[in-house]
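> what shape does this take:
(4 chains)
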There are 2 protein chains.
Amino acid sequence: MPGKAGKRATVHDIAAAAGVSRGTVSRVLNGGYVSATARAAIERAIREVGYVPNTAARNLVMQRSQAIGFIVLEPHSLFLEDPNIGGIMLGANSTLSAADYQMVNLVVDSERDTARITRYLSGGFVDGAIIVSARTHDPIIQVVGSLALPSVFVGHPRDLHPDIPYVGIDNLASAEEITRRLLATGRRRIGMIAAAVDRDSGADRLAGFQQALGPLYDETLVADVPLYDFACGAKGMRTLLEREPEIDGVFAASDAVAAGAMEALREAGRAVPADVGVVGFDDSSWASRTRPTLSTVHQPADDIGAYAADMVLRQLKGEQITRRGVLLPSPIVWRDSA
Amino acid sequence: MPGKAGKRATVHDIAAAAGVSRGTVSRVLNGGYVSATARAAIERAIREVGYVPNTAARNLVMQRSQAIGFIVLEPHSLFLEDPNIGGIMLGANSTLSAADYQMVNLVVDSERDTARITRYLSGGFVDGAIIVSARTHDPIIQVVGSLALPSVFVGHPRDLHPDIPYVGIDNLASAEEITRRLLATGRRRIGMIAAAVDRDSGADRLAGFQQALGPLYDETLVADVPLYDFACGAKGMRTLLEREPEIDGVFAASDAVAAGAMEALREAGRAVPADVGVVGFDDSSWASRTRPTLSTVHQPADDIGAYAADMVLRQLKGEQITRRGVLLPSPIVWRDSA
DNA sequence: GTCTGATGTGTGAACGTGCACACAGTAGGA
DNA sequence: TCCTACTGTGTGCACGTTCACACATCAGAC
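Next up, the predicted model:
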C-alpha cells in the first residue's frame, strides 16, 4: 500500500505518473474517449499510487453530497424496540453503499426536531431521503413534498405527496388473511389488540381485522393501546378478558403485543392455543421466544430497506417513477399459538 | 425561508448583502477581528439570505471529512440481535451530531471486508472511528494502530494498540459481583454458561465468575457456547443439567442466554428461583420479559456510545489522551430469578 | 487537396470555503 | 516625529475535481 503516510494521491499524480493530462485521467474515471494505451497506462498508475478519489472535491464540483438521509420519525426508545427498523436500515445501507452512497442516520425524537430536519434536508447535506414511520399528517411530508428532494416513504400514509413513492407491506390484506385463519380454526369470539392506530400500519391492521370478520365483527372486542409493546399487549388482553370472558381468539397488532397478551392469558389461567388462539404481526424475535411459539406475519425488513434505497437511487439517476408505490409480499408464518 | 428554490447562498452573497468582503464574513463565521457594526450587518445578511455553509467546500479546504466511522465488527444478524449495539449507536450519534459530525455506519460482515474497511479508513472518508466488538487479535486493531486515525474501542481487548483508548464496562468485576450474590443466597453448585469466550467480554465474564467462586469453582460446571443467544443458552443449560443434576445456580453470559437456560430448566421441571437461581448480563429487554424476571447486570449502552464519541472528538481537538481507557459503572439490577 | 466527422487529448475555469498575507487606520510611548 | 502594537479589512491562492472548449490527428468522401 504505497503512500500510506504522506499526502493522498490526486489526479495530478496519476497524470504525471502516466504521462498524460488531468483531463484524460478524469475521462478514464468517468467515461469518455480514451485510447487503449492511455487507459492502460492510467489504470496502472492508479494502482501504483494507490489513488482514492477525494469525495469532498468531487461533491463540490458536482453540487451534491453523495449522501442519503435515513430519517426515522420515532423517539429513541421506540427506535430500539421496533423489530423492523434495524433490518430496514441494514438493507438500505447495503444497497446504498454498494452504489457508493453514504447513509446518514437521523432520528427525530421530538416534534421540535422537525425544524432541524427541514434545515438539514434543504441544506444540501443529502441528495435524497428514506423516511421511516411517517405518521399520517406528519408535517415532514409537506416539507419533503415542497422540496424537490428525491425520496421514498417506508410505509404508506394516506395523505402523502402524490409524487413521492412508498414501499411497504400490505398491512390490511395480511391482517385480513391471518384473521381468516383464526376463523378457519373454529374461533368465533375473536378480539383484537389494536396498537398505534394513529399510524398507517396500525390503522390498516385494524381495518383488515374488521374486514375479515365481517358480520362477526364486534367493536367491544377491540382494545386500543398506544404502543406496539409487551406492556400494552398485557393491558389490552386484560381489558378484552374483562369485556368478554368467552373470548377464544386474539389478533395482536404486533408480536410484542401478542407476547404481552399471552402473559395476561397465562395469568388468567387460559391455555394457548387450547382455550384462546393468538396471532401476532412482524415475525420478530419475539415470535420464536414465546411458549407456544407465535403464528405471525413475516415482514421482509431487509428487502424493504433495499427496495427503498433502490427507489431513491433510481430517482437520482433521473428515472421517472411511474408507480406510486410497492407493497412487498409478507407471508404468514404458522407456528403453534393458533 | 428565502432562496428555497434557486441557488444556495454562499459567503459571496452574504458579503455583497452586507457590503463587506468574503474574508470578513469568514471571520464572523470562524472567529477573528471583526468590528461590531460589520458583525451585525453580516449576521443580519446571513439570516436574510438563509445561508447554510457548504460542507463539501469546507471539507475540501480543511482536508477532512467531518465524519466519524462507526464500525461494527459483527455479521448483520448479530448486529440486530445484540441488545447493546443499537443503544451505543444512538448514544454516539447524539454526541456526534451535536458536535456537527456525521456518523457513518460500517457493518463488517465477513472477514474479507477487512480490506474494504482498511481502504475506507485510510482513504480520508472519516476523521475518526469508533470500533465496536473488536475480537482479540482482530487485524483491524493493527490497521487502526498504524494509521494515526483518532479512534476509540468499545470494549477492551487485551492486545489493543497502547495509543488507542477504550471505553466499556468492567465485565470481570460485574460478573464477580453478580456471582457472589448467587453465593450469598445459599447456592453451592453454581454453573456458568459462558458465551463468546473469543471476545474480551466473554472471557472477562468467565474470569469474574471463576474469581468469585474461588475454591468452589468447578470446571465441569462451565458450558462453553459460541453465541450470546437464546438457542445457545438452552443448549448450554441442558449440558450443565446432564453433567450435574444437583446444580442450584447459573450465571448466564447474557440475558438471552439466561432466557434460553430458563426454558431448558422449565423443560427439565426445575423451578426458578426455588430450585435453581439464574442471573444474566446486559439488562436488555429479555430481562423483563422472562418469568420470573431476570436479575442481571445493567449495561449503560447510551452512555458508552456518548463517551466513545466524546473521546474521539477530544482527540480531534488535539487533546492528549492520558488514560488508556475508561470503565463505566454497570450496576446490578435485582429482580426475581435469583 | 480540402472538407467533414469521429476519435482522442490538453487547458482553463469553476465549485465555495479558509487561511496567509498585505495593508489601513488608530493610539500610545519614546 | 517616528516606531510599534493592535484592531480591522480586502485579496489571492489553494484544496481536487469535473466540465466545456479548443485543438490535434486520421480516415473517407467529394
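
> which ones are touching A:Asp13?
A:Val49, A:Tyr51 (CB atoms under 8 Å, 6 or more residues apart in numbering or on different chains). (Glycine included, C-beta is placed from N, CA and C.)

> can you show me the helices along chain A?
Assigned by DSSP state H, chain A shows helices spanning A:11-18, A:22-30, A:36-49, A:55-62, A:76-81, A:85-98, A:113-122, A:139-146, A:171-184, A:200-213, A:230-243, A:255-267, A:285-289, A:301-316.

> just want the angle from the longest one to helix A:85-98.
In terms of direction (axes from the mean of the first three to the mean of the last three CA atoms, to 10 degrees), helix A:301-316 departs from helix A:85-98 by 40 degrees.

> contacts only, for the most centrally placed residue in chain A.
For chain A, the residue nearest the mean C-alpha position is A:Ile88 (4.2 Å; CA atoms, centre = their mean). Applying CB under 8 Å, 6+ apart to A:Ile88 gives the contacts A:Val132, A:Val154, A:Ala301, A:Asp302, A:Ile304, A:Gly305, A:Ala308.

> do you know the pLDDT at the fifth one?
Confidence per residue is given as pLDDT, and for A:Ile304 that number is 98.

> how many other residues sit next to it?
When neighbours are counted by other CB atoms under 10 Å in any protein chain shown, A:Ile304 registers 26.

> ok, it touching A:Gly155?
No - A:Ile304 is beyond contact range of A:Gly155, at 9.3 Å (criterion: CB atoms under 8 Å).

> just list whatever residues bridge to A:Val297.
A:Val297 has these beta-bridge partners by DSSP bridges: A:Ile332.

> what about the stretch 1-150 of chain A, any weak spots by pLDDT?
A:1-6, A:110-112, A:134, A:136 (pLDDT under 70).

> list the contacts of the closest residue to A:Ser174 other than its chain neighbours.
The spatial neighbour of A:Ser174 that comes closest, neighbours along the chain excluded (CB to CB, 6 or more residues apart in numbering or on different chains), is A:Val297 at 4.5 Å. A:Val297 sits next to A:169, A:174-175, A:177-178, A:280-283, A:330-333 when contact means CB under 8 Å, 6+ apart.

> neighbour-wise, which of the residues you listed leads?
Busiest of the contacts of A:Val297 [other CB under 10 Å] is A:Gly280, holding 32 neighbours.

> how far away is it from DNA strand D?
50 Å (CB to the nearest atom of the strand, to the nearest Å).

> could you do A:Pro226 as well?
From A:Pro226 to DNA strand D the distance is 50 Å (CB to the nearest atom of the strand).

> surely that residue meets A:Arg199?
No - assessed by CB under 8 Å, A:Pro226 is found out of contact with A:Arg199, at 10.5 Å.

> which of those two has more neighbours?
Between A:Pro226 and A:Arg199, A:Arg199 has the larger neighbour count (other CB under 10 Å), namely 20 against 12.

> OK, contacts around the more buried one?
Taking CB under 8 Å, 6+ apart as the contact definition, A:Arg199 lies against A:Ser133, A:Arg135, A:Thr136, A:Gly155, A:Pro157.

> for it, give its distance to B:Ala256.
Going from A:Arg199 to B:Ala256 by CB to CB, to the nearest Å gives 29 Å.

> try A:Gly91
Counting by CB to CB, the gap from A:Gly91 to B:Ala256 is 23 Å.

> repeat for A:Ala258
Counting by CB to CB, the gap from A:Ala258 to B:Ala256 is 19 Å.

> between the two, who's got more neighbours?
The neighbour comparison of A:Ala258 against B:Ala256 (other CB under 10 Å) goes to A:Ala258, with 32 against 29.

> so that one makes contact with A:Val276?
No - the criterion here is CB under 8 Å, and A:Ala258 misses it with A:Val276 at 11.2 Å.

> identify the contacts common to the two.
Shared contacts of A:Ala258 and A:Val276, counting by CB under 8 Å, 6+ apart, come down to A:Val250.

> what's the span of stretch A:58-70, first residue to last?
Taking CA to CA, to the nearest Å, stretch A:58-70 runs 22 Å from one end to the other.

> backbone torsions only: list them for whichever residue of the stretch 101-250 of chain A sits closest to chain B.
Residue nearest to chain B within the stretch 101-250 of chain A: A:Gly123 (4.2 Å; CB to the nearest CB). Backbone torsions of A:Gly123, given as degrees, to the nearest 10, read phi -90, psi 0.

> please apply the same query to the one 3 residues further on.
In terms of degrees, to the nearest 10, the main-chain angles of A:Val126 are phi -130, psi 150.

> residues in contact with it?
A:Ser65, A:Ala67, A:Ile68, A:Gly69, A:Val104, A:Tyr120, A:Leu149.

> of those residues, which belong to strands?
Among the contacts of A:Val126, DSSP state E puts A:Ala67, A:Ile68, A:Gly69, A:Val104 in strands.

> looking at those residues, which is nearest chain B?
A:Val104 (5.9 Å).

> across the sheet, point out what pairs with the closest one.
A:Gly69.

> give me the neighbour count for it.
A:Val104: 23 neighbours (other CB under 10 Å).

> tell me which residue in the stretch 1-150 of chain A sits closest to DNA strand C.
Evaluated by CB to the nearest atom of the strand, the stretch 1-150 of chain A has A:Gly23 as its residue closest to DNA strand C, separated by 2.9 Å.

> again with the stretch 151-300 of chain A
Taking CB to the nearest atom of the strand, the stretch 151-300 of chain A has A:Ser151 as its residue nearest DNA strand C, at 22.5 Å.

> who's in contact with that residue?
A:Gly128, A:Ala129, A:Ile130, A:Ile131, A:Val144, A:Ile164, A:Val312, A:Gln315.

> now with 6 Å, please.
Contact analysis of A:Ser151 by CB atoms under 6 Å, 6 or more residues apart in numbering or on different chains lists A:Gly128, A:Ala129, A:Val144, A:Ile164.

> what about the residue nearest to the third one when sequence neighbours are not counted, distance to A:Ile140?
Just to be clear, that refers to A:Val144. In this structure, A:Val144 finds its nearest non-sequential neighbour in A:Ser151, 5.3 Å apart by CB to CB, 6+ apart. Using CB to CB, we find A:Ser151 at a distance of 10 Å from A:Ile140.
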